[in-house]
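> Sequence first, then the predicted structure, then my questions.
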Amino acid sequence: MRVKVSDLAIGEVFYVDFEEEVTIPSNFMLSDEKSLLKVQAKLTKFTDFVMLEATVSTNINGNCDRCLKPTGTGLNFSVFEKFIEEENDEDEVWLYNGRVVELNEPLAVNTFLHIPMSLICNDNCLGLCHKCGTDLNTGECKCDETGDNQFSDILRGFFPE
Ligand SMILES: [Zn+2]
Ligand SMILES: [Zn+2]
């Protein structure tokens with residue numbers, strides 16, 4: 001999304017709601033790099049800069065950390081960004097050409113920052129058996145039994161009857 005701000009007077013506020021598919025910076029969790037963002041944006045023009053305040057909602061796709069099945073989650077977050085015309089030593093600002101503000105990259109970066117560290121398909125997901133890989137949500141495996149037997153065999157070695 002590009003918003004023309006050159007016609008705005010100082011102190012003028014511009015509201016725009018839009019949907020935009022943006023490319024999210026690559027991340028190991030994402031099976032798909034594009035995300036459709038629903039954005040409600042408010043741009044305010046000041047003498048030396050343009051301020052963006054926005055709320056964003058989107059869905060991201062990935063794989064469950066426990067069972068590895070594809071899953072997804074909704075994200076809702078706020079964005080505050082400042083756009084300036086000339087580079088200075090201020091951190092965390094975006095440059096714009098004085099006429100048009102480009103919103104996609106700042107929105108993509110903000111989306112990336114809100115992706116949760118871990119994704120699970122549901123709170124009760126039992127995950128995969130770490131020995132045989134069976135999905136414990138859909139079936140049981142014999143690993144626990146065998147494990148127990150091996151363990152008691154070892155114990156028996158330490159404490160002969
Ligand atoms: Zn799962
Ligand atoms: Zn198993």
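Nice, I can see it. Ligands and ions are numbered 1, 2, ... in the order given.

> For the residue nearest to Glu92 when sequence neighbours are not counted, which residues are in contact?
Counting by C-beta to C-beta, 6 or more residues apart in numbering, Lys82 is the residue found nearest to Glu92 once chain neighbours are left out, at 7.6 Å. (Each C-beta comes from the backbone N, C-alpha and C, glycine too.) Contact partners of Lys82, counting by C-beta atoms under 8 Å, 6 or more residues apart in numbering, are Phe49, Val50, Met51, Leu52, Glu90, Glu92, Val93, Trp94.

> what do you get for Val56?
Contacts for Val56 were tallied using C-beta under 8 Å, 6+ apart; they are Leu37, Lys38, Val39, Leu75, Asn76, Phe77, Ser78, Val79, Leu107, Asn110, Thr111.

> bridging residues for it?
Beta-bridge partners recorded for Val56 (DSSP bridges): Val39, Phe77.

> Phi first, then psi, for the nearest residue to Cys141 once chain neighbours are set aside.
Distances taken as C-beta to C-beta, 6+ apart place Thr134 nearest to Cys141, at 4.0 Å, with adjacent residues excluded. Dihedral angles phi and psi of Thr134 (degrees, to the nearest 10) take the values phi -60, psi 140.

> try Pro106
Dihedral angles of Pro106 (phi, psi; degrees, to the nearest 10) stand at phi -60, psi -40.

> just the buried members of the contacts of Lys82?
Neighbour-count burial (16 or more other C-beta atoms under 10 Å) applied to the contacts of Lys82 gives Val50, Leu52, Trp94.

> Reformat the residues you listed as TSV; add distance to Leu119, secondary structure and pLDDT.
Below are the buried ones among the contacts of Lys82 laid out as TSV (distance: C-beta to C-beta, whole Å; DSSP: H, G, I helix; E, B strand; the rest coil; pLDDT from 0 to 100):
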residue	distance to Leu119	secondary structure	pLDDT
Val50	34	strand	97
Leu52	28	strand	98
Trp94	29	strand	95
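
> who's in contact with the nearest residue to Glu102 once chain neighbours are set aside?
The shortest distance from Glu102 to any non-neighbouring residue, by C-beta to C-beta, 6+ apart, is to Arg2 (5.5 Å). Residues near Arg2 by C-beta under 8 Å, 6+ apart: Val100, Val101, Glu102, Leu103.

> those strands in this protein, which residues are they?
All strands of the chain, identified by DSSP state E, fall at 2-4, 13-23, 34-45, 49-63, 70-84, 94-95, 100-102.

> Compare those strands and give me the one nearest ligand 1.
Judged by C-beta to the ion, the one of those that comes nearest to ligand 1 is strand 70-84, at 6.6 Å.
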